[in-house]
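Novice: My questions are about this predicted structure, shown below with the sequence.
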Amino acid sequence: MNRSGARLSDIANRTGYSKNTVSLALRDSPRIPEATRDIIRQAANALNYRPNHAAKSLTSRQTKTIGLLLADITNPILTETAKALETELAKLGYGTLFATSNNTLSEEIAAVEMFRSRQVDGMLIYPTRGRRNYRHLVELRRSGFPLVMMIPGEEIGVDMVSVDEQRGAHMAVRHLIDLGHRRIGTIDGSNPDGNRQKFDGYSQALAEAGIAIEPGWQVEPLGFTPKSGYWAMDTLMNSVRPSAVFVANDYIAVGVMKWCLKYGLAVPGDIAIIGFDNLEIGEYLGVSLSTVSYQTRDVTRMAIDRLMRLIDSRDSLPEPRVTLIEPELVIRESTGGAR
């Protein structure tokens, strides 16, 4: 055997594993047990296997480029996750082509077409959240193109990987209820046509506790900034006087906390605040922010793992699936017992 010309099939024959298992193991995929990865790496070293990326690109028409589409670059959790995705993809030898839709469907469709024209190998997409119009993505998946949507949702014929936002919101509100709160407002951009996971979790927790949602308890922030949170909190507190507030984004919660400070409300003494995403800034506020972790590391790893599986299986894609990652409740100083 020409030892410098070892192929995946040679490693598969030597170890008894399939070529797909060998390929995943050599990319250090967590789907393959560590012991199996060690066996395959040892065989690859013994055979002097060296991946030939140039030849692979020519034979498979791969460009080693992934398209990453963000809905809103002002949303810190999206930019944080995008950075993690870019870093992990680079470790696998992939470059990342970025685009943003500015939460506009027409721009999202244009970005997807741009990715196609640049011949990316696959796409990771945070779609526009205002309205659930995913037909163009469903059709793209049906055509055999590898893509993963980075949102939670029902099975629509496209792979999805995300933290379980409904579960996370439920955990946050349940925490407030367990502390004795009964008047719990929310600052959340949910709407009937878009992302309702967090609002559904909020509503479910209240319903299970026998608490009816009163008019004015939900306020929609106009963006993902502290300024948006400040004015949303002003609206909420001038409409109703909750004893606790669930805020659907930590960055928005910064503005909520600022409003409380300005108007002399002690947190958590006068009002409890809990956010979502576990952004670093929340830990370093004057009163540290209780929150729900987005689990960026797990979301990144599982989304990339799924996309690589689709790219490897491009000739016959597996059935799409929805992967929801269990969130984690992070309790800090901003939540306390009801007054």
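Specialist: Yep, that arrived. Numbering: from 1, shown residues only.

Novice: Domain ranges for the protein, per the record?
Specialist: With domains defined by automatic domain parsing, the chain comprises 3-49, 63-164+296-325, 165-293.

Novice: So which of those domains is nearest residue 331?
Specialist: domain 165-293 (5.2 Å; Cβ to Cβ). Quick note: C-beta positions are derived from backbone N, CA and C, even for glycine.

Novice: for residue 321, what are its contacts?
Specialist: Residue 321 is in contact with 155, 159, 160, 306, counting by Cβ atoms under 8 Å, 6 or more residues apart in numbering.

Novice: For residue 66, state which of those is nearest.
Specialist: residue 306 (12.3 Å).

Novice: May I have the secondary structure class of that closest one?
Specialist: helix (DSSP: H, G, I helix; E, B strand; the rest coil).

Novice: hang on, isn't it packed against residue 158?
Specialist: No: with contact defined as Cβ atoms under 8 Å, residue 306 does not reach residue 158; the gap is 11.1 Å.

Novice: anything in contact with each of the two?
Specialist: residue 148.

Novice: Which of the contacts of residue 321 fall in strands?
Specialist: Among the contacts of residue 321, the residues falling in strands (DSSP state E) are 159, 160.

Novice: Buried by neighbour count, from the contacts of residue 321: which ones?
Specialist: 159, 160, 306 (16 or more other Cβ atoms under 10 Å).

Novice: What residues does residue 155 make contact with?
Specialist: By Cβ under 8 Å, 6+ apart, the neighbours of residue 155 are 320, 321, 322.

Novice: For the second one, give its distance to residue 160.
Specialist: Meaning residue 321. Distance, residue 321 to residue 160, by Cβ to Cβ, to the nearest Å: 8 Å.

Novice: remind me which residues of the stretch 1-150 of the chain are low pLDDT?
Specialist: Filtered on pLDDT under 70, the stretch 1-150 of the chain yields the residue ranges 1-5, 51-61, 130-132.

Novice: Which stretches in it count as strands?
Specialist: Remark: strands assigned in the stretch 1-150 of the chain by DSSP state E, counting those that start in this stretch are 65-70, 95-100, 122-125, 147-149.

Novice: where in the stretch 201-339 of the chain is pLDDT low?
Specialist: In the stretch 201-339 of the chain, residues with pLDDT under 70: 337-339.

Novice: Break down it into its helices, ranges please.
Specialist: For the stretch 201-339 of the chain, the helices defined by DSSP state H, counting those that start in this stretch occupy 226-239, 250-262, 280-283, 296-312.

Novice: out of the ones you listed, deepest packed?
Specialist: Among the helices of the stretch 201-339 of the chain, ranked by average contacts under mean count of other Cβ atoms under 10 Å, first place goes to helix 250-262 (a mean of 22).

Novice: Show me what that helix is packed against.
Specialist: helix 76-91, strand 184-187, helix 226-239, strand 244-247, strand 272-274, helix 280-283 (3 or more Cβ pairs under 8 Å, 6 or more residues apart in numbering; DSSP states H and E).

Novice: Contacts for it, please.
Specialist: Counting by Cβ under 8 Å, 6+ apart, residues outside helix 250-262 touching it are 75-77, 187, 221, 224-234, 237, 245, 247, 266-267, 270-271, 273-279, 281-282, 285-287, 289, 291, 334.

Novice: now with 6 Å?
Specialist: 76, 221, 224, 226-230, 233, 247, 267, 273, 275, 277, 279, 282, 285, 289, 291 (Cβ atoms under 6 Å, 6 or more residues apart in numbering).

Novice: Give me the phi and psi for the closest residue to residue 24 other than its chain neighbours.
Specialist: Leaving aside its sequence neighbours, residue 24 sits nearest to residue 32 (Cβ to Cβ, 6 or more residues apart in numbering; 5.1 Å). Per-residue torsions, residue 32: phi -100, psi 130 (degrees, to the nearest 10).

Novice: Residue 32: how many residues sit nearby?
Specialist: Residues contacting residue 32 under the criterion other Cβ atoms under 10 Å number 20.

Novice: Residue 161 versus that one, what's the distance?
Specialist: Per Cβ to Cβ, residue 32 is found 18 Å from residue 161.

Novice: Does residue 224 touch residue 74 like I think?
Specialist: Yes: if you go by Cβ atoms under 6 Å, residue 224 and residue 74 touch, sitting 5.3 Å apart.

Novice: out of the two, which sits in the busier spot?
Specialist: residue 224 (21 against 15).

Novice: For that one, give me its contacts.
Specialist: 74, 75, 249, 251.

Novice: hang on, the earlier thing: let me know which of the strands of the stretch 1-150 of the chain is the nearest to residue 297.
Specialist: Nearest to residue 297, of these and by Cβ to Cβ, is strand 122-125 at 15.3 Å.

Novice: And the pLDDT for residue 190?
Specialist: With respect to pLDDT, residue 190 scores 61.

Novice: contacting residues around residue 205?
Specialist: Residue 205 touches 170, 173, 174, counting by Cβ under 6 Å, 6+ apart.

Novice: same thing with residue 265?
Specialist: residue 271.

Novice: Noted, bye for now.
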